[in-house]
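In: Show me the folded form of this:
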Amino acid sequence: MKYILFDFDGTLANSAKVYIDAWNSFADKYKYLPITMEDLEEIRHLDNYSKAKKFHFPMHKLSIILPKIYRYFQEHANEVPLFDGVKEMLETLSSKGYSIFILSSNKRENIELVLNREDIHEVTDILSAKKMFGKDVVIKKFMKRYQLMPNEILYVGDELRDIQACNKLGVPFMWASWGLDGFELIKKEKPKYVANTPKDMVSHLSKIPIPE
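Out: Numbers count the residues shown, from 1 in each chain. You can find the predicted model right below:
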């Protein structure tokens, strides 16, 4: 297991506030309910469709609204911090010989803005899933490109859709407990690892031999 794919929002980047502001800025126009930080904590046990239903979000307009939200993110990228310890974690993993990639449904240029601001150079490449629920397709292409078997990869994420994409392909998954979805939602998909801090990730991986 030498290749690590990281989700970005909610795993590396603490982007919740910016996304809430983006969500709320389009709520009146598209007739769905606004959301607060307190709401995020209360709905951690709900899947994406249940969350959408709770706030009357029109999923059939997702392809229209999502680009606007990512554009808002780009305009406010300087307001998006990394979680504490993430920069040090990436530096440590890179120094140990891991190849680090980011796989996100966010736009590549948005992620680059944050990485460049934080002076992070350990990321080999950024892979963008054009569809919110299409990460398994991107992972499959990634494996083909690098001629990898599923057990040679680890995906680190915080959402149910992340682990579901991995389970379709048999790719080991590490859940970042500080992210969007709660463990009650994740546990039924049986993550291989659970990390409570970025330092915890390094601790887990230090017990796994890195292939030459």
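In: Now Pro34: phi and psi?
Out: Pro34 has phi and psi values of phi -70, psi 170 when expressed as degrees, to the nearest 10.
In: Please name the residues that touch it.
Out: By CB atoms under 8 Å, 6 or more residues apart in numbering, the contact list for Pro34 reads Trp23, Asn24, Ala27, Phe55. For glycine as for every other residue, the C-beta is placed from the backbone atoms N, C-alpha and C.
In: quick one, helices of the protein?
Out: 16-25, 27-30, 37-42, 48-54, 62-75, 86-95, 108-117, 135-146, 160-169, 183-186, 198-205 (DSSP state H).
In: So which bits of the fourth one are buried?
Out: By that I understand helix 48-54. Neighbour counts over helix 48-54 (16 or more other CB atoms under 10 Å) mark Asn48, Lys51 as buried.
In: Can I get it in CSV? Just the C-alpha atoms.
Out: Output of helix 48-54 as CSV, limited to C-alpha atoms (Å, rounded to 0.1, in the frame of the first residue of the first chain):
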residue,chain,number,x,y,z
ASN,A,48,-26.9,12.8,1.1
TYR,A,49,-30.4,12.1,-0.3
SER,A,50,-31.9,12.3,3.2
LYS,A,51,-30.0,15.6,3.8
ALA,A,52,-31.3,17.0,0.6
LYS,A,53,-34.9,16.0,1.5
LYS,A,54,-34.6,17.6,5.0
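In: who touches it?
Out: Leu33, Ile43, Leu46, Phe57, Met59, Glu159, Leu160, Arg161.
In: so which of these is the most crowded?
Out: Glu159 (23 neighbours; other CB atoms under 10 Å).
In: so where's this protein shaky on pLDDT?
Out: For the chain, applying pLDDT under 70 flags the ranges 132, 209-212.
In: Could you chop it up by domain?
Out: Here the domain parsing of the chain from automatic domain parsing is 3-14+82-205, 16-79.
In: and the longest one, how far apart are its ends?
Out: Just to be clear, that refers to domain 3-14+82-205. 11 Å (CA to CA, to the nearest Å).
In: same thing with the shortest one?
Out: Between the start and the finish of domain 16-79 there is a gap of 11 Å, counting by CA to CA.
In: Now do that domain: distance to the chain's middle.
Out: 16 Å (CA atoms, centre = their mean, to the nearest Å).
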